[in-house]
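Participant: Need the 3D shape of this:
(chains A and B)
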Amino acid sequence: MLNFDEIFVTRNWFGKPVRRDKDARFVRGEGSYTDDLPMDCLYAAFVRSPYPHARLGNIDTSKAAALKGVRAVVTGPEVAAATKPVGARAITRPAVQHVMATKKVRYVGEPVAIVVANDRYLVEDAAELIEVDYEPLRVVVEIDDAMKKDAPLVFDEAETNVLLHDTLTHGDIEQAFRDADFVMQEQFRVQRFSSTPLENWAMIAKYEKSTDSYTVWANDQQPGRSIVNLCNALGIPANRLRLIVPDSGGGFGIKLAIWPYMVSLCVVARKVDKPVKWIQTRREHLLAGTHTPDCILDLELAMKKDGQVLGLRMRDRQNDGSFVHTAGIYNLIKFANIVGCYNIKATQAEMMSIVTNKAPTVQNRGVGKPAMMFSLERLMHRAAVQLGMDPAEIRFRNFIQPEQMPHTTPSGEIYESGNYPECLRIALEQIGYKDLKAQQETLRKQGTYIGIGLSASIEPGTSNLGYYYTSRGTPEYMGNAEGAIVSMDYDGNINVLLGSVEEGQGHATSVSQVIADMLAITPDRVTMNQQLDSVMSPFMGHSGCYSNRFNDVEMGAVIMATKKIRDKVLKIASHRLGVPVADLRFRDGTVYSEKDAGKTLTFKEVATLAYKQVLLLPVGFEPGLKEVAFYKNDIAKLPNKTDFNVQMTHANSLHATVVEVDPATGMIRFRKYVIVHDCGRQINPGIVEGMSIGSTVHGVGTVLLEEFIYDENGQILTTSFVDYMKPLAVGLPRFEVSHMESPCTTSLLGTKAVGEGGAIGSLAAIGNAVEDALTPFGVKVTSLPITPEKVLRAIRETKVI
Amino acid sequence: MIPPKFEYVAPASLSEAAAFLAAHPGDAKLLAGGQSLIPVLKLRLASPGFLVDLGRIAGLSYIREEPASGGKPGAVAIGAMTTYAEIKQSALLREKCPLLQQTVAVVADVQVRNRGTLGGSLAHADPSADMPAAILALGGELKAVGPKGERWIAVGEYFQGMFATALAPDEVLTEIRVPVLTGQRSAYLKAARRATDFALVGVAVRLRVGKDEKCEEISIALTGVTDRAFRAAGVERALQGKRLEPKLIEQATADVVQGVNVMGNIHGGAEYRAQVARVYAARAIAAAK
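Facilitator: The predicted model follows:
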């Protein structure tokens, strides 16, 4: 962490809830998303498989091709012949997959052909005219079935449906279980769900015949890597691809792997003389490629009678559907966060990434942590109940204590700071914990069933990329880094270009606050060009808006580039004013001499010297005021199995909620909801609060409503927002948010992760509250979502949700 | 999400609309508020050749009192193109028939209520829509206009199955007449996973309690339970002439789905729906009394 006296020359903006004026255009409908770009485009549509598993036969495109206005029809096998297969990251079994179906289809919705036509309506009509012969194969849908000996294989060459199977042991796990007084164990199931951003996937591809190159516009969330993937798939060098990322309407991870569609679009763009646009429909979005994997987690806690947890064993079986690129990633992130907020000395994680005929999965808000924390915090609650101990007390007894920070977990994750007990104390106070138990008793007598749920969770940030190579050798990507260009223009105003494009997080505002305090100007003098253009923007292989990395590496790059600008401004002013740099100070967009108030230069005057009156600069001094900086977080370790860190910052949150369950209908209603969040220093508390609440609403959806449901034949039943239910404002509690501030020692500003906390911590809080409410009925919560129907069935028969 | 090709026609009169329907059997759909039809088109679940917009026909949107005459009791007449929002705001309905307002208050969301129409919902006859339950509980009749002129259909004979009504393919539903509920109480209770969802179960109740606190008249209708909205006649009989004590209500509503083929889907299985129907029927009766 930097010394703030060194980094800031004023403290007017950092840490203040500055209004997001820079984003007003989005709510006014003035954003410029991919579909808004003023380009004369042709339109693409994909023909998708109605079968979950089938051999692909003849594809008759003649009727579609004959339709007036249809410009190109390309089949999956043709795309495959023109491109290289999709690269795998975490899995260790061989599995060959192309960006479109080739010999067989592996899920309902897999693209088998792409059509290009003059308009959006025509192209959909043409897609319906393509006739595909399918020879249905046996289908494998659920985890247990996929692991059976005679299960149909999704990838024949893998000879199994388990594409990653690894066990990582850290600490003396055998000893921990030998020393245990008892073992708490449970199996948890978490469903498929997703964050469903407002804007679906969107892209335009244009082939430049003169240079044999491609330009792609897309709402890509990880452009640094997509460029590599796209070039690899198309077999072209990087200088023949230009990627432009315009405004993006929400991401949450869901747009991290849209590049396979970009590959297909480039293939068809080469065949026509105009740019080709594909705008994904909501149905397509829900159908194919945006899911969080469903999983079955078996957890065992080695426990002492006093509530202490000595060791933790996990068996994680994860249904990754049918996309080799992302398969296995969730397993490893779950594992990396296995101990949560607790001082558990020994862990063992058996991880399996399983392929089935469900849709591809992709990183979704919290990646693995929601399922991990749900299971761990559910089991902690159950352990407390079993011991007759207060659920708050068992947590106090196991928390990593503030004086133990920084703390290294058994596998090597470094928790740099945090005060977990204090977060819990604040939460208990806020929710009125002391009186709740008595209130619960009184209400029960009146036939009203309320429950109290607590959950403490880790919210890590900034992935140390390459963690998934623990099983695969030397990673192509390691650590995490970002680039920024900061320039001062003719008027002395600041413009910023980043290697990543935000999807609505308010980065432009946060960046302007930090730069304003670094240069003694107002944030309105800072503009951020909120797009990425690979021929102009600074970027890294890591670039992208994911993994809570903004306030770490992205801000790091901005700070480093701004420092360069500031140093240069000082040198120019020093020379012009004849004042040593040490005597110069900043105030209201000017540089002045501390010793002689008459000696002053405005930024505009400095810029005039830098850009125009270059003869007044020192001899040999580089003119101009545009600086590029790249920044990496050095806390990242090289991946290996014995000691590695998957993330570089560790925020935490404490969720406490009171719910009421109607035992006649199983319906659940919130009575109170408290969030205590510690993300270290806050750049903009307004944005932090919004994200804490927003991410919690995602969690509420996960717990109570959302699920991609497949029938036993592998057909997905939830492809509209009628059936895939997002939470609404009506029915949500009033979230009461409090903050702790334990500065992060390893990020420049002391900031930590912000965007995922609620999506991680809310699941167990609500689950624990529901189970607590249903104590008189002896009901146990082990799976999500908790639907009213499941609640009622559990009350009346099964006793298990 | 991208509808197939269709042609749009906007007749200026009812007879023109009916004639168009008759001339294009099976290939023309009437467009009222569009809140059900447009999504169906966008998902390509239907592909009619023509959309016949009723929005340009004058005189289909009104709420007015029809005084008793010729042995018919007084009624409130509602034009088929009247929106939920208009029903919600009607002072006349507030006084004469609050059940309709109680029901539209929980239909979907503000945008749907601003566009969606009473006639559109009844003609569509979604098995989980709210309005069919309210209209069934109210009784009354519906006016259909076709090439051969107009006819009145009793509410009890109107709903014939999932998305199926007594309307002929070339008929247009133009008016709904419901009785004036002076001296009655009513409630509409809807169970749904989320506020804007279709009803998992919806229960409409109207009843009159006499001076001796005995139930003199009761009408209960449910939606979301089976392929169409239905009257819970057995429950009505069990409560008729009795004091509406909680115990009795519970006993009577225990049989609310008896003989009904309860539907199930991912939003709620048959067993669950049946249970919610029992609970909500009891609660709706209690809320009305």
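Participant: Number of residues surrounding residue 39?
Facilitator: Chain wasn't specified; assuming chain A. Counted with other Cβ atoms under 10 Å in any protein chain shown, the neighbours of A:M39 add up to 12. Every residue, glycine included, has its C-beta placed from N, CA and C.
Participant: other chain: chain B
Facilitator: By other Cβ under 10 Å, the residues close to B:P39 number 14.
Participant: now B:Q160
Facilitator: Neighbour count for B:Q160, taken as other Cβ under 10 Å: 13.
Participant: same deal with B:R44?
Facilitator: By the other Cβ under 10 Å criterion, the neighbourhood of B:R44 contains 15 residues.
Participant: right, and it touches B:P4 too?
Facilitator: Yes. With contact defined as Cβ atoms under 8 Å, B:R44 reaches B:P4; the gap is 5.9 Å.
Participant: low-scoring stretches of chain A, by residue?
Facilitator: When residues are selected by pLDDT under 70, those of chain A lie in A:470-472.
Participant: Show me which residues of it sit near chain B.
Facilitator: Taking Cβ under 8 Å from any Cβ of the partner chain as the measure of proximity, chain A contacts chain B at A:120-121, A:124-125, A:128, A:281-283, A:664-667, A:705, A:709, A:717-718, A:720, A:722-723, A:725, A:727-728, A:730-731, A:787-789, A:792-793.
Participant: how close does A:G506 sit to A:V737?
Facilitator: As judged by Cβ to Cβ, to the nearest Å, A:G506 and A:V737 stand 16 Å apart.
Participant: same deal with A:D588?
Facilitator: 34 Å.
Participant: A:G368 too?
Facilitator: If you measure A:G368 against A:V737 using Cβ to Cβ, the figure is 24 Å.
Participant: looking at it, B:L54 is touching B:E16, isn't it?
Facilitator: No. Proximity of B:L54 to B:E16 does not meet the contact threshold set by Cβ under 8 Å, at 10.8 Å.
Participant: Compare those two (neighbour count), which wins?
Facilitator: Looking at B:L54 and B:E16 with other Cβ under 10 Å, you find the greater number of neighbours at B:L54, namely 24 against 15.
Participant: Report the contact partners of the more buried one.
Facilitator: B:11, B:17, B:30-32, B:60, B:80-81, B:172 (Cβ atoms under 8 Å, 6 or more residues apart in numbering or on different chains).
Participant: and which of those residues is nearest B:N265?
Facilitator: B:A32 (25.6 Å; Cβ to Cβ).
Participant: show me what contacts that closest one?
Facilitator: Applying Cβ under 8 Å, 6+ apart, the residues contacting B:A32 are B:54-55, B:80-81, B:116-117, B:119-120, B:123.
Participant: what does A:F193 give?
Facilitator: A:291-292, A:364, A:701-702, A:706-708, A:785.
Participant: ok, 6 Å please
Facilitator: A:292, A:702, A:706 (Cβ atoms under 6 Å, 6 or more residues apart in numbering or on different chains).
Participant: before we move on, the earlier item: who has more neighbours, A:G506 and A:V737?
Facilitator: Counting neighbours by other Cβ under 10 Å for A:G506 and for A:V737 shows that A:G506 has the greater number, 22 against 19.
Participant: Show me which residues of the stretch 1-150 of chain B sit near chain A.
Facilitator: Counting by Cβ under 6 Å from any Cβ of the partner chain, the residues of the stretch 1-150 of chain B lying close to chain A are B:1-2.
Participant: 10 Å instead?
Facilitator: By Cβ under 10 Å from any Cβ of the partner chain, the part of the stretch 1-150 of chain B that sits against chain A consists of B:1-5, B:39, B:42-44, B:47, B:109.
Participant: which of those sit farthest apart?
Facilitator: Using Cβ to Cβ for every pair in these, the one that comes out farthest apart is B:K5 and B:D109, at 29.5 Å.
Participant: Residue in the stretch 101-250 of chain A with the shortest distance to chain B?
Facilitator: Residue nearest to chain B within the stretch 101-250 of chain A (Cβ to the nearest Cβ): A:E124, separated by 4.4 Å.
Participant: Now the buried members of the contacts of B:A32.
Facilitator: Buried positions within the contacts of B:A32, assessed by neighbour count (16 or more other Cβ atoms under 10 Å in any protein chain shown), are B:54, B:80-81, B:116-117, B:119-120, B:123.
Participant: Helices - which of those residues land there?
Facilitator: By the criterion of DSSP state H, membership of the buried ones among the contacts of B:A32 in helices covers B:119-120, B:123.
Participant: For chain A, state which of these is nearest.
Facilitator: Distances from chain A to those, taken as Cβ to the nearest Cβ, are shortest for B:G120 (17.5 Å).
Participant: wait, doesn't that closest one sit right on B:G79?
Facilitator: No. Proximity of B:G120 to B:G79 does not meet the contact threshold set by Cβ atoms under 10 Å, at 11.6 Å.
Participant: care to break the chain down by domain?
Facilitator: Here I'm looking at chain A. Chain A breaks down by automatic domain parsing into domains covering A:4-28+A:481-632, A:42-138+A:213-235+A:244-281, A:294-466+A:637-798.
Participant: meant chain B, my bad for not saying
Facilitator: Taken from automatic domain parsing, chain B resolves into B:7-56, B:63-179, B:185-288.
Participant: In chain B, which helix is the longest?
Facilitator: With DSSP H applied, the helix covering the greatest number of residues in chain B is identified as helix B:270-288.
Participant: Please write out the alpha-carbon positions of that helix in CSV.
Facilitator: What follows is helix B:270-288, C-alpha atoms only, in CSV (Å, rounded to 0.1, in the frame of the first residue of the first chain):
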residue,chain,number,x,y,z
ALA,B,270,-49.9,-30.5,-8.8
GLU,B,271,-49.6,-31.5,-5.1
TYR,B,272,-48.2,-28.2,-4.2
ARG,B,273,-50.8,-26.2,-6.2
ALA,B,274,-53.6,-28.2,-4.5
GLN,B,275,-52.2,-27.3,-1.1
VAL,B,276,-51.8,-23.6,-2.0
ALA,B,277,-55.3,-23.6,-3.4
ARG,B,278,-56.7,-24.9,-0.2
VAL,B,279,-54.8,-22.4,1.9
TYR,B,280,-55.5,-19.4,-0.4
ALA,B,281,-59.2,-20.3,-0.7
ALA,B,282,-59.5,-20.2,3.0
ARG,B,283,-57.5,-17.0,3.3
ALA,B,284,-59.5,-15.3,0.5
ILE,B,285,-62.8,-16.1,2.2
ALA,B,286,-61.5,-14.8,5.5
ALA,B,287,-60.2,-11.7,3.8
ALA,B,288,-63.5,-11.1,2.1
